[in-house]
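> Would you be able to build a 3D model of this:
(2 chains)
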Amino acid sequence: MTWLTLRQLRASAAGLFAVVAAVAVVLAVTGPALFRLHRADPALFFDRLSSADSFLYYAGVGAVVLVPALIGIFWGAPLIARELETGTHRMVWTQSVSRTRWLAVKLGLTALAALGVTALLSLAVTWWSSPMDGAQSTTRGALPTRFTPIVFDGRGVAPLGYALFALVLGTTLGAVLRRTLPAMALTLLVLLGVQIAVPLWIRPHLVPPVERTVAATVSTMTDITLGQDGKLTLGVTTGSPNAWILVDETVDASGRPVQLPAWFGACLPPPPSQAGQGATQAQGDGGLAACFDRLAAEGYRQHLVYHPNSSFWPLQWAEAGLFAGLSALLAGCCFWWTRRRLA
Amino acid sequence: MSTVLRADGLGKRYGRRWALTDCTLEIEPGHVTGLVGPNGAGKSTLLNLAVGLLAPTTGTIEVCGGRPADDPEQLALVGFVAQDTPTYATLSVADHLRLGARLNPRWDDAMARARIAALGLDPRQRVGKLSGGQRAQLALTLALAKRPELLVLDEPVASLDPLARREFLQVLMEAVAEHGISVVLSSHLVADLERVCDHVVVLVDSRVRLEGDVEHLLATHHRLTGPRRDPATMPAGQQVLSASSTERQSTFVVRTDEPVLDPAWSVGQLSLEDLVLTYMSPPPDLDAGARTALEVLR
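The predicted structure follows:
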């Protein structure tokens, strides 16, 4: 059974491994130069990056996100469905090997190959990107932090969970639908749905986030936004660089989320177009500090919920674990279906 | 082991449709048994149940003394050549032999290689490029080299041209003679079965309509032609299976264990095909004896 599985997987596995190995070599060759650049002057790092570096950065994220989907579509979906379509299941299931063992070896070895290829790619990309994640320009622009939804899926161990899940999902859908092409399409759709749903609703809660309520000051303020409707919103820093901020809102003394009071608008410098018109502005930082003092005195606080940078690996392991668990459940269904329902 | 295949009240349902209902059947070892019947009689379903690809909805089926495909030992006892003889198109002939060797503990590699050589197949050839007849031969080789006690073939020659069909059946017969295995094969081409089978089972609406040794059946069935006569007036020992009459002449197919001595009849031999088709047609309504044309054969 091992031989047959490897023989059937050989062509497609060789192709994917070759591409991933080539990517890994490119990253291994260009990586050391990036690290030297970062060591030389971290502050100027972003401004000194070439467009090729940025391209590789985004391509790396894309590759790590794409590979589990490819595995699900091209290894998972045909695993059982192709046999059912060509009728070869009637040949192979009547050799002296039970159906359960047939599937266990086929799925097990393919899963090992999937984990191997994904681990190699994720390792290379995570290492290469480590100086770049969250790098900021001295003037304008930045690279996404590693908490950014798509980037998070292209780093560390989470892709392993995705690869396993995609493979088992494709296999199960193939067994249930009995057709390769519909199984491929549905696998892609479900994986897309998962990529949208997990960062939005599930990932933030995998590890308890840090929750703090602080008084805003001039030094902790990051931005004040004047909306189209004239409403003012205030953002403050978490004090943890590259944190994943889930909630950053102003609350009143009783803890209810509110807008900034109307008087706060007078504290702000006018928009550039109106500059020089009136005489009442030109308040310096001293005036703004007084406004923040008044804000604190009236009971306004800033409510923060965030994952500090140190939560990255706990979140990665939690997500990988979640998908490993889902894969195990789904694999159980797949075995049951193959033994009972394909009879 | 008294039977090689025993079905009891066997039924299989797909959704709301019954593909096989209440099938009871016993097949003795050491025979080449032909399973015939009209399309939709449940032949394929019965054979797929026998090799454990399907699980019965009702009733039981026992093959070589055990439940089909219950464990690897049970799987090793039964060889199967499925309809349209499926094989892996991208694998070579040698790959298929290797597959057989890896997946079957009783695999006879020398025999498999000798067969492939005798067929003139190139082991490096990809199976997708073989002709239908060659693919069928490869599938048969896989099933034979497994060294089963029972070989089950589901319409193995249906898609082959007459020459490939003849060759396939010849190889099958040689193998059976050499290894003494029991064979059950289905076909809707009775002429093919006549060449290879010594036992026949006629399945109509998933019920066994006729079962017996081919020689015995042919010896006890006769076609009688003579002056017009009401089939109801035939002697008790002669069971009329079909009757057709013109104005002056009657032709009956009768089953009897005794020789037909009535000089009014001219007694003719039946081919297996005639015999099977007689049983596959609805039985004549003999009570309405006055009907002029009761049943038209073929």
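> residues near the one residue in the stretch 101-250 of chain A that gets nearest to chain B, how many?
Per C-beta to the nearest C-beta, A:Arg101 is where the stretch 101-250 of chain A lies closest to chain B, at 7.9 Å. Using the backbone N, CA and C atoms, a C-beta is placed for each residue, glycine as well. Residues lying near A:Arg101 (other C-beta atoms under 10 Å in any protein chain shown) number 12.
> can you pull the contacts of the residue lying closest to it once chain neighbours are set aside?
Excluding the flanking residues, the one nearest A:Arg101 by C-beta to C-beta, 6 or more residues apart in numbering or on different chains is A:Met1, at 6.5 Å. When contacts are counted by C-beta atoms under 8 Å, 6 or more residues apart in numbering or on different chains, A:Met1 touches A:97, A:101-102, A:105-106, B:102-103.
> mind listing which of these are in helices?
A:101-102, A:105-106, B:102-103 (DSSP state H).
> just curious, which of the residues you listed is nearest to A:Pro68?
A:Lys106 (18.6 Å; C-beta to C-beta).
> any idea of the pLDDT on the residue of the stretch 101-250 of chain A closest to chain B?
For A:Arg101, the model assigns a pLDDT of 94.
> mind listing the helices for chain A?
Under DSSP H, chain A gives helices at A:2-40, A:45-48, A:51-70, A:77-86, A:88-92, A:99-129, A:149-153, A:158-177, A:180-197, A:203-206, A:285-297, A:312-336.
> Let me know the average pLDDT across the longest one.
What it means is helix A:2-40. 92.
> List, one by one, the residues from the stretch 101-250 of chain B near chain A.
B:102-106, B:139, B:142, B:146 (C-beta under 8 Å from any C-beta of the partner chain).
> switch to 7 Å and redo it
For the stretch 101-250 of chain B, the residues in contact with chain A (C-beta under 7 Å from any C-beta of the partner chain) are B:102-105, B:139.
> Kindly reformat those residues as TSV containing pLDDT and neighbour count.
Shown next, in TSV, are these (pLDDT from 0 to 100; neighbours: other C-beta atoms under 10 Å in any protein chain shown):
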residue	pLDDT	neighbour count
B:Arg102	93	16
B:Leu103	94	23
B:Asn104	94	21
B:Pro105	93	13
B:Ala139	94	24
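> Just give me the residue right at the centre of chain A.
With distances taken as C-alpha atoms, centre = their mean, the residue of chain A nearest its centroid is A:Phe152 (2.8 Å).
> care to break the chain down by domain?
Looking at chain A here, since you left the chain open. Domains of chain A are assigned by automatic domain parsing as A:2-206+A:310-341, A:210-268+A:284-309.
> Hmm, no, I was thinking of chain B.
According to automatic domain parsing, the domains of chain B span B:5-205, B:221-280.
> Ok, which of those comes nearest A:Phe35?
domain B:5-205 (44.6 Å).
> how long is that closest one from one end to the other?
End-to-end span of domain B:5-205 (C-alpha to C-alpha, to the nearest Å): 19 Å.
> who's in contact with the helix or strand harbouring B:Thr45?
Assigned by DSSP states H and E, B:Thr45 falls within helix B:43-50. Applying C-beta atoms under 7 Å, 6 or more residues apart in numbering or on different chains, the contact partners of helix B:43-50 are B:5, B:10, B:12, B:19-20, B:23, B:35, B:37, B:54, B:56, B:61, B:63, B:68, B:83, B:152, B:154, B:184, B:186, B:203.
> that older thread, now the ones in helices among the contacts of A:Met1 as a markdown table including distance to A:Leu288?
Below are the ones in helices among the contacts of A:Met1 laid out as a markdown table (distance: C-beta to C-beta, whole Å):
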| residue | distance to A:Leu288 |
| --- | --- |
| A:Arg101 | 72 |
| A:Trp102 | 72 |
| A:Val105 | 69 |
| A:Lys106 | 66 |
| B:Arg102 | 78 |
| B:Leu103 | 79 |
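> Looking at the residues you listed, which is nearest B:Thr278?
For these, the nearest to B:Thr278 is B:Leu103 (43.3 Å; C-beta to C-beta).
> which residue sits closest to the closest one, ignoring its sequence neighbours?
A:Gln95 is the one closest to B:Leu103 (C-beta to C-beta, 6+ apart), at 3.7 Å.
> coming back round to it: would you tell me which one of the domains of chain B is buried the most?
domain B:5-205 (a mean of 19; mean count of other C-beta atoms under 10 Å in any protein chain shown).
> which of the ones in helices among the contacts of A:Met1 sit farthest apart?
So, the ones in helices among the contacts of A:Met1 by C-beta to C-beta: farthest apart are A:Lys106 and B:Arg102, at 13.3 Å.
> Helices along chain B, start to end?
B:43-50, B:72-77, B:93-103, B:109-119, B:132-145, B:162-179, B:190-196, B:214-220, B:272-280.
> Now the helix or strand of chain B with the lowest mean pLDDT - C-alpha only, PDB.
When each helix and strand of chain B is scored by mean pLDDT, DSSP states H and E, helix B:190-196 comes last, with a mean of 83. Output of helix B:190-196 as PDB, limited to C-alpha atoms (Å, rounded to 0.1, in the frame of the first residue of the first chain):
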ATOM      1  CA  VAL B 190     -25.400 -16.200 -23.400                       C
ATOM      2  CA  ALA B 191     -23.400 -17.500 -26.400                       C
ATOM      3  CA  ASP B 192     -20.200 -16.600 -24.500                       C
ATOM      4  CA  LEU B 193     -21.300 -18.400 -21.500                       C
ATOM      5  CA  GLU B 194     -22.200 -21.500 -23.500                       C
ATOM      6  CA  ARG B 195     -18.500 -21.900 -24.300                       C
ATOM      7  CA  VAL B 196     -17.200 -21.700 -20.800                       C
END
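> Work out the gap between that helix and the centre of the chain.
Centre-to-centre, helix B:190-196 and its host chain are 9 Å apart (C-alpha atoms, centre = their mean, to the nearest Å).
> residues making contact with that helix?
Helix B:190-196 is contacted from outside by B:32, B:34, B:36, B:157, B:165, B:169, B:172-173, B:187, B:200, B:271-273, B:276, using C-beta under 7 Å, 6+ apart.
> 6 Å - rerun?
B:32, B:34, B:36, B:157, B:169, B:173, B:187, B:272-273, B:276 (C-beta atoms under 6 Å, 6 or more residues apart in numbering or on different chains).
> Out of the residues you listed, which is nearest to chain A?
Of these, the one sitting nearest to chain A (C-beta to the nearest C-beta) turns out to be B:Val157, at 16.5 Å.
> Just list the residues touching that closest one, thanks.
B:Val157 neighbours (C-beta under 6 Å, 6+ apart): B:165, B:168, B:192.
> Show me which residues of the stretch 51-200 of chain A sit near chain B.
Proximity of the stretch 51-200 of chain A to chain B, by C-beta under 6 Å from any C-beta of the partner chain, involves residues A:87-88, A:90-91, A:94-98.
> which one of these has the most neighbours?
A:Thr94 (26 neighbours).
> what sits against that one?
Taking C-beta under 6 Å, 6+ apart as the criterion, A:Thr94 is in contact with B:51, B:80.
> And it, how close does it get to B:Arg98?
Distance of A:Thr94 to B:Arg98, given as C-beta to C-beta, to the nearest Å: 17 Å.
> Okay, now the unreliable bits of the stretch 51-200 of chain B?
The model of the stretch 51-200 of chain B has no residue with pLDDT under 70.
> now what about stretch B:273-281, what contacts it?
B:36, B:38, B:190-191, B:202, B:204, B:209-210, B:221, B:241-242, B:253.
> Just send the residues of the stretch 51-200 of chain A next to chain B back as a markdown table, with pLDDT too.
Putting these into a markdown table (pLDDT from 0 to 100) gives the following:
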| residue | pLDDT |
| --- | --- |
| A:Gly87 | 93 |
| A:Thr88 | 94 |
| A:Arg90 | 94 |
| A:Met91 | 94 |
| A:Thr94 | 94 |
| A:Gln95 | 94 |
| A:Ser96 | 94 |
| A:Val97 | 93 |
| A:Ser98 | 92 |
